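A.B. asks: make a model of this:
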Amino acid sequence: EQKIKELGLSSKIKFVGPLLGAHKQKLYDIFFASDVFVMPSSSEVQSMGILQAMAVGLPIISAGINTSSEIVNETNGILYTPGDLHGLEQAMEKLYSDSVLMKELSHNAKDFAQNFSAQEIAGKWLEVYEQVIKNNQ
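C.D. replies: Numbering: from 1, shown residues only. Modelled structure (predicted):
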């Protein structure tokens, strides 16, 4: 946050903290007002935030750890080494300096998120249950 202030970017970059429960609508308002979703956490290994941001078409910048690297890839975002602030800075600069890349990653992120829609997940569970029933008849 200090670096953002030093660079004079406080009007463009906001740190909002968790938006849960009654504040969930504010989360989506922020998503729709954003250009990019950044997940710098090295402990957020299965981020619903990443998938929610993808669902509204935000390209992702994420620390490349555990399952984040299974969700975020070169088609829908940029991974950087956890703790590498210079790598995070480079990823942000890359997206903001290349509008074509940003649009491509945005489109691909939204498409990828559809794999995790309620309908898709329900269909996969149905396949599992049908296979279990078939195997036990």
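A.B. asks: give me the pLDDT for S68.
C.D. replies: Here the pLDDT value assigned to S68 is 68.
A.B. asks: so I13 sits right up against I4, yeah?
C.D. replies: Yes - I13 lies in contact with I4 (C-beta atoms under 8 Å); the separation is 5.0 Å. Where C-beta positions appear, they are placed from N, C-alpha and C, glycine not excepted.
A.B. asks: for the spatially most central residue of the chain, which residues are in contact?
C.D. replies: Closest residue to the average C-alpha location of the chain: I50 at 2.6 Å, with C-alpha atoms, centre = their mean. Counting by C-beta atoms under 8 Å, 6 or more residues apart in numbering, I50 touches 37, 39, 60, 62, 68, 71-72.
A.B. asks: for this structure, name the helix or strand with the lowest mean pLDDT.
C.D. replies: Least confident helix or strand of the chain, by mean pLDDT, DSSP states H and E, is helix 68-71 with a mean of 77.
A.B. asks: could I get that one in CSV with only the CA atoms?
C.D. replies: Extracted in CSV, the C-alpha atoms of helix 68-71 (Å, rounded to 0.1, in the frame of the first residue of the first chain):
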residue,chain,number,x,y,z
SER,A,68,-3.8,-20.9,-8.3
SER,A,69,-1.5,-22.1,-11.0
GLU,A,70,-4.1,-24.7,-12.0
ILE,A,71,-6.7,-22.0,-12.5
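A.B. asks: next one: it to chain centre, how far?
C.D. replies: Remark: helix 68-71 is offset 9 Å from the chain centroid, using C-alpha atoms, centre = their mean, to the nearest Å.
A.B. asks: show residues contacting it.
C.D. replies: Residues outside helix 68-71 that contact it (C-beta under 8 Å, 6+ apart) are 39, 44-45, 47, 50-51, 54, 60, 62, 79, 112.
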